[in-house]
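Undergrad: next one to model:
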Amino acid sequence: MKFIEKLVNATRKNRSLLCVGLDSDPAQIPDGLSVIEFNKAIIDATSDLVCAYKPNVAFYEAQGADGFDTLKRTVEYIPDDIPVIADAKRGDIGNTAKAYARALFTHFNFDATTVSPYLGLDSLEPFIEYQDKAIFILCRTSNAGAVDFQSLLCESENGSRLLFEVVAHKAGQWNIHGNIGLVVGATYPEELKLIRQMQPEMPLLIPGIGAQGGDLALTVRYGVDARGEKAVINSSRQIIFASKEKDFAEAARQAALALRDGINRQLAELNM
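TA: Below is the predicted model:
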């Protein structure tokens, strides 16, 4: 099954646009638990409420060999009908890009990954060639420093555009297999609106809800496609660290349920 089919199926089955980020920092989890035990409990508590999971690879790389083992076991534990996105932000050329793609898609068996477009198409082609997988290209990220580069005015083949607009346009040109999406932060709703207008069918991975303060109503309004789908709205810390006590899994479920239902209420207001 191709990524987009898996995503849409999970969205409809769980009535959810919510993606839970498994940014499982060992320093933040309850005492006495391993990261894999923590992740399994979070997954068990939320798997009927999400359209995807998104482990941030950095938290696992920082733990060395044990972390890589935990990451692989986490991906294997997630139900097969829920897509798993590697938040890895890879971007390199030639054999290096091929190795990154093979590691993420073959060894770890992620369904998708985040990538950087900075080195151009040849750095992304090794990922795009996995036609049943997907990439989410960094376009307008949620962090404050995004303006340093992503809002620069550029001369392009279509005239003067901001850099994130150039990225969104190029992503559409490169999307010959239908397996490309964009990362667009909820903290920039007007840019989200513009990017959705530029790419009406493309899946958007939208971080920035929760700890970063993105506006949920505007995120839903501007992020979804014409069917009210293909917006993967991510929340990490707000959900997985809703409690640091023994009730952490139930607290995570309640936080995920509240956000899932909040998204659905916004969809209902849009008559979707």
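Undergrad: going by C-alpha atoms from here, please, whenever you check contacts or count neighbours.
TA: OK.
Undergrad: so A112 sits right up against Q131, yeah?
TA: No. Judged on C-alpha atoms under 8 Å, A112 makes no contact with Q131 at a distance of 10.5 Å.
Undergrad: for the two, indicate the residue with more neighbours.
TA: Neighbour totals were compared for A112 and Q131, and A112 leads with 28 against 16 (other C-alpha atoms under 10 Å).
Undergrad: restricting to C-alpha, output the helix or strand bottoming out on mean pLDDT in the chain in CSV.
TA: Using mean pLDDT, DSSP states H and E, the weakest-scoring helix or strand in the chain turns out to be strand 153-156, at a mean of 86. The C-alpha coordinates for strand 153-156 follow below in CSV (Å, rounded to 0.1, in the frame of the first residue of the first chain):
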residue,chain,number,x,y,z
LEU,A,153,12.8,37.0,-1.8
CYS,A,154,14.1,35.0,-4.8
GLU,A,155,14.1,35.4,-8.5
SER,A,156,12.6,32.2,-10.0
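Undergrad: other residues contacting it?
TA: Around strand 153-156, the neighbours that count as contacts under C-alpha atoms under 8 Å, 6 or more residues apart in numbering are S160, R161, L162, L163, V166.
Undergrad: residue ranges with poor pLDDT in the stretch 101-250 of the chain?
TA: 211 (pLDDT under 70).
Undergrad: show me where the chain has strands.
TA: Chain-ordered strands for the chain, with DSSP state E as the definition, fall at 18-22, 52-55, 85-90, 112-115, 134-140, 153-156, 159-162, 180-184, 204-206, 231-235.
Undergrad: can you list the helices and strands that the fifth one packs against?
TA: Strand 134-140 makes packing contacts with strand 112-115, helix 121-128, helix 163-174, strand 180-184 when contacts are defined by 3 or more C-alpha pairs under 8 Å, 6 or more residues apart in numbering; DSSP states H and E.
Undergrad: now for A242, how many residues are close by?
TA: The local packing of A242 (other C-alpha under 10 Å) involves 19 other residues.
Undergrad: so who does L18 touch?
TA: Remark: with contacts taken as C-alpha under 8 Å, 6+ apart, L18 is in contact with L49, V50, C51, A52, V232, I233, N234, S235, A256, L259, R260, I263.
Undergrad: weed out the non-buried ones from those.
TA: Buried residues within the contacts of L18, defined by neighbour count using 16 or more other C-alpha atoms under 10 Å: L49, V50, C51, A52, V232, I233, N234, S235, A256, L259, R260, I263.
Undergrad: ok, and the closest non-adjacent residue to the second one?
TA: What that stands for is V50. Spatially, and ignoring its direct neighbours in sequence, V50 is nearest to L18 (4.9 Å; C-alpha to C-alpha, 6 or more residues apart in numbering).
Undergrad: cool, and the first one?
TA: Nearest in space to L49, with sequence neighbours left out and distances taken as C-alpha to C-alpha, 6+ apart, is N14 at 5.6 Å.
Undergrad: ranges for the helices of this structure?
TA: In the chain, the segments counted as helices under DSSP state H are 3-14, 35-46, 57-61, 64-77, 94-102, 121-128, 147-150, 163-174, 189-198, 216-223, 237-240, 248-269.
Undergrad: closest one to C139 among the ones you listed?
TA: The closest of the helices of the chain to C139 is helix 163-174. By C-alpha to C-alpha, the value is 5.2 Å.
Undergrad: could I get the buried residue list for that closest one?
TA: Applying 16+ other C-alpha under 10 Å to helix 163-174 flags L163, F164, E165, V166, V167, A168, A171, G172 as buried.
Undergrad: same deal with stretch 222-234?
TA: For stretch 222-234, the neighbour count (16+ other C-alpha under 10 Å) marks Y222, G223, V224, D225, G228, E229, K230, A231, V232, I233, N234 as buried.
Undergrad: many thanks, I have nothing further to ask.
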